[in-house]
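Engineer: Sequence first, then the predicted structure, then my questions.
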Amino acid sequence: MPVFEYKAYAPSGKPTRGIVEAENSKAARMKMKKQGFAVYEIGEKLTSKASAASNQAAQGLFGGRASVKDVAMMTRQLASLIKANIPLVECLAAMVEQAEIPQIKLVLAQVRQDVNEGASLGKAMAKHPKVFDNIFVNMIEAGESSGTLNLVLLRLADLKESQMRLRSKIISGMTYPALMMGVATILLIVIFTFVIPKLTAVFDSMNKKMPPLTIFLMNVSDLLVNYWYLIFGGGFLGMMMFLKFINSDAGKPQWDAFKLKLPVVGPLIRMIGVTRFSSTMSTLLGSGVPILSAMNIAKNLVGNTLMARAIADARDNITEGQSIADPLRRSGQFPPMVIHMISIGEKTGELPAMLKNVSETYEEQVATRIDGMTALLEPLMIIVMGGMVGTIVMAVFVPLMDISNIN
């Protein structure tokens, strides 16, 4: 359905602007007139297809979703406006005016339009899952029903900012090793495809017996030069099969179990899962979301099927009138300290506060662990690269030195 941008006088006489969906401009004017608006300018802005294209262009490579930083900033601004006792429709109108990102501007305008037509804020936001995820919508609905919308929005902003910090820490920690690995791979490809073939021709013309290491490198170079399409094709096919396996119903649990058993990476993955679970549960429960709904959302965010299964079992326990801590303990997927704090929280009725303490503690541990891994990986990568290049240099240039000595 076409989307029209309008300028009008509100029933209060105040000039306003926004967007409205309608079949044509005449229907759009009639729709606004029924709401008491005196439209003095209207024009088609985006069709649904253009809107989708605009959203995709605005998001680039981020999968069509608004960035966590943008959503967190928007949420905190909306909380401040609502706290000032400004009517919700006017708050959303102000947010539309000051929004700089095209996708968020358009979505907020559509949310404002739906709210103005009588929909709740939660229902209006639920129509835009690429911007407002399941956690966001559930918490907004809980805040509206309990009359604590501004408090819920602040908690949502805190949650989004916490997720942003964790994601940024992981990305920044992995960037340097990934860059080093990429440089090393390019360097090796250049050596094996351009340098060694030329030296092989020199060695063959000398008719001199080469060391075993040199012969091995020459054979590897010959394979890369003459059969590169088979190597890369086989590697690509193998990668596709591997990705298909780890995303299948049978393969994903096995892959997740393998990752948790890795010496250094496994404990970090578990910490990240615990952080996501505890921070999400703390925010949802503190905002008045029912515990069954909160656990159903949290299990989809831990990023590991084994941990998600443990949370699902705990959720089933609650429906039977039992505790959360026991099935989590039996699963063996959650650290004893987390189980202990959840158990205390259940007994004292302070589960959200306990979970918040867990999330803060583990967020710090994740940051410390990533810093330690980064500090260890940097010299390790340099040593590995130096060793590889040094081995190649010895294998290639020792025979050259022997030849020059003979001459």
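Structural biologist: Alright, I've got the coordinates. Numbering: from 1, shown residues only.
Engineer: Can you list the low-confidence ranges for the stretch 1-150 of the chain?
Structural biologist: Flagging of the stretch 1-150 of the chain using pLDDT under 70 yields the residue ranges 1-3, 21, 45-66.
Engineer: And the nearest residue to Glu346 once chain neighbours are set aside, its phi and psi?
Structural biologist: Closest residue in space to Glu346, ignoring its immediate chain neighbours: Ser323 at 5.5 Å, by Cβ to Cβ, 6 or more residues apart in numbering. For glycine as for every other residue, the C-beta is placed from the backbone atoms N, C-alpha and C. Note on Ser323: its backbone torsions stand at phi -90, psi 170 [degrees, to the nearest 10].
Engineer: switch to numbering from 39
Structural biologist: Got it, the first residue is 39 from now on, which makes the last one we talked about Ser361.
Engineer: For Ser316, see how far away Ser361 is.
Structural biologist: 16 Å (Cβ to Cβ, to the nearest Å).
Engineer: secondary structure element for Val228?
Structural biologist: Assessed by DSSP states H and E, Val228 sits inside helix 187-228.
Engineer: need the contact list for the residue nearest to the spatial centre of the chain.
Structural biologist: Taking Cα atoms, centre = their mean, the centroid of the chain lies closest to Arg205, which sits 6.9 Å from it. Each residue near Arg205 by Cβ atoms under 8 Å, 6 or more residues apart in numbering is listed here: Val106.
Engineer: For Val404, see how far away it is.
Structural biologist: Separation of Arg205 from Val404 (Cβ to Cβ): 11 Å.
Engineer: Could you do His166 as well?
Structural biologist: Applying Cβ to Cβ to His166 and Val404 gives a distance of 30 Å.
Engineer: Quick one, grab the pLDDT at the residue nearest to the centre of the chain.
Structural biologist: Arg205 is assigned a pLDDT of 79 by the prediction.
Engineer: So the residue nearest to Glu384 sits against Asn355, correct?
Structural biologist: Yes: distance between Ser361 and Asn355: 6.7 Å, which falls inside the contact criterion (Cβ atoms under 8 Å).
Engineer: hmm, back to that, chain center to the helix holding Val228: distance?
Structural biologist: Distance of helix 187-228 from the chain centroid (Cα atoms, centre = their mean, to the nearest Å) equals 9 Å.
Engineer: neighbour count winner among Ser361 and Ser316?
Structural biologist: Ranked by neighbour count (other Cβ atoms under 10 Å), Ser361 and Ser316 place Ser316 first, with 27 against 15.
Engineer: Quickly find the element holding that one.
Structural biologist: If you go by DSSP H and E, Ser316 is part of helix 303-324.
Engineer: Show me which positions of that helix end up buried.
Structural biologist: Residues of helix 303-324 classed as buried by neighbour count (16 or more other Cβ atoms under 10 Å): 306-324.
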